[in-house]
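J.: what shape does this take:
(one chain, ligands or ions: 1)
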Amino acid sequence: MRIDIITIFPDYFAPLELSLIGKARAAGILDIRLHDLRSWTRDRHNTVDDTPYGGGPGMVMKPQPWGEALDAVAGGAGAPPRLVLPTPSGTPFTQERAKRLSDEPWLVFACGRYEGIDARVVADAERRMPVEELSIGDYVLAGGESATLVIVETVSRLLPGVLGNAESAVQDSFAAGAMEHLLEGPVYTKPAHWRDQEVPPVLLSGDHGAVDRWRRHEALRKTARNRPELLRELAARRLHELERSD
Ligand SMILES: COc1ccc(Cn2ccc3ccc(-c4cc(N)[nH]n4)cc32)cc1
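T.: Numbering: from 1, shown residues only. Sure thing, here's the model as predicted:
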């Protein structure tokens with residue numbers, strides 16, 4: 001997968017040199033390219049923002065640098081990329097959406113700052129590529145860079161060869177599979193005894209059936225405590241499946 005990131009803070013993405021994503025880039029599984037939006041400004045101050053039409057607080061990112069940056073990065077011959085635009089007003093980013101994005105060959109991320117990007121930039125981009133405006137949660141960040149890091153990490157770990165152990169991506173609590181849509185229960189490792197606490201004996205029993213049952217029970221307990229609405233959704237899904245099978 002190729003990923004292009006357009007931002008006024010390229011250094012924000014130094015973490016993408018590290019750990020699993022850094023290794024995947026070195027192995028050629030991921031081709032991540034950073035672009036400084038100011039490369040496409042035309043004034044000596046490299047201006048990327050201006051006051052909002054209609055008044056209001058803050059500044060808005062100018063369309064011209066963005067238009068030319070997207071032309072240069074995403075405008076080549078061949079199939080266009082999918083443009084991902086993090087924004088507080090976007091569609092919720094979920095594990096399901098991450099799975100779909102992981103099937104894309106080429107993503108371009110537009111990292112806004114200030115109060116956002118002139119709306120004509122998205123309208124212009126939609127004329128030549130699919131555009132996805134995504135929110136990573138109901139809170140307001142200072143810009144799109146953190147959201148882009150979250151999305152890139154979530155999508156990249158689903159790519160074959162990135163985790164090294166595809167199994168653990170499949171068992172993610174929000175991934176379709178063993179404990180679909182339940183939260184992860186507690187995990188343990190050596191030593192078996194630590195600060196007067198013991199690892200639950202079932203995990204040392206070697207009885208895989210009992211371990212699976214215990215893990216599902218703990219996942220249900222954690223979900224009931226922290227995300228009860230997920231249990232209601234799970235119950236509704238199971239009821240729908242039962243009614244369909246009748
Ligand atoms: C009032 O409207 C505002 C609009 C944007 C901003 C700051 N900002 C500028 C670009 C940008 C990109 C993404 C996000 C973001 C995404 C999520 N889930 N939270 N926050 C925030 C962003 C402040 C205020």
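
J.: what ranges do the strands span in the chain?
T.: Taking DSSP state E as the test, the strands found in the chain are 2-7, 31-36, 49-50, 60-61, 82-92, 106-110, 131-135, 193-194, 197-198.

J.: which parts of this structure sit against the ligand?
T.: Applying CB under 6 Å from any ligand atom, one finds that the chain approaches the ligand through 86-88, 112-116, 135-137, 139-144, 147. Yep, even glycine has a C-beta here, placed from its N, CA and C like the rest.

J.: between the two ends of stretch 95-115, how far is it?
T.: One end of stretch 95-115 sits 27 Å from the other (CA to CA, to the nearest Å).

J.: what comes up buried for it?
T.: In terms of neighbour count (16 or more other CB atoms under 10 Å), stretch 95-115 has its buried residues at 95, 97-99, 101-102, 104, 106-114.

J.: skip the chain neighbours and tell me the closest residue to Leu107.
T.: What sits nearest to Leu107 in space, not counting adjacent residues and going by CB to CB, 6 or more residues apart in numbering, is Ile3, at 5.1 Å.

J.: surely that neighbour is in contact with Ile29?
T.: No: taking contacts as CB atoms under 8 Å, Ile3 lies outside contact range of Ile29: 11.2 Å.

J.: who's more crowded, those two?
T.: Neighbour count, other CB atoms under 10 Å: between Ile3 and Ile29, Ile3 has more, with 24 against 16.

J.: show me the contacts for the residue nearest to Leu107.
T.: Applying CB atoms under 8 Å, 6 or more residues apart in numbering to Ile3 gives the contacts 30-33, 106-109, 152.

J.: skip the chain neighbours and tell me the closest residue to the residue most central in space within the chain.
T.: Residue closest to the average C-alpha location in the chain (CA atoms, centre = their mean): Ile151, at 2.0 Å. Of all residues not flanking Ile151 in the chain, Phe93 sits nearest, at 6.1 Å (CB to CB, 6+ apart).

J.: number of nearby residues for the one you found?
T.: Around Phe93 there are 21 residues (other CB under 10 Å).

J.: got the phi/psi numbers for it?
T.: phi -80, psi 120 (degrees, to the nearest 10).
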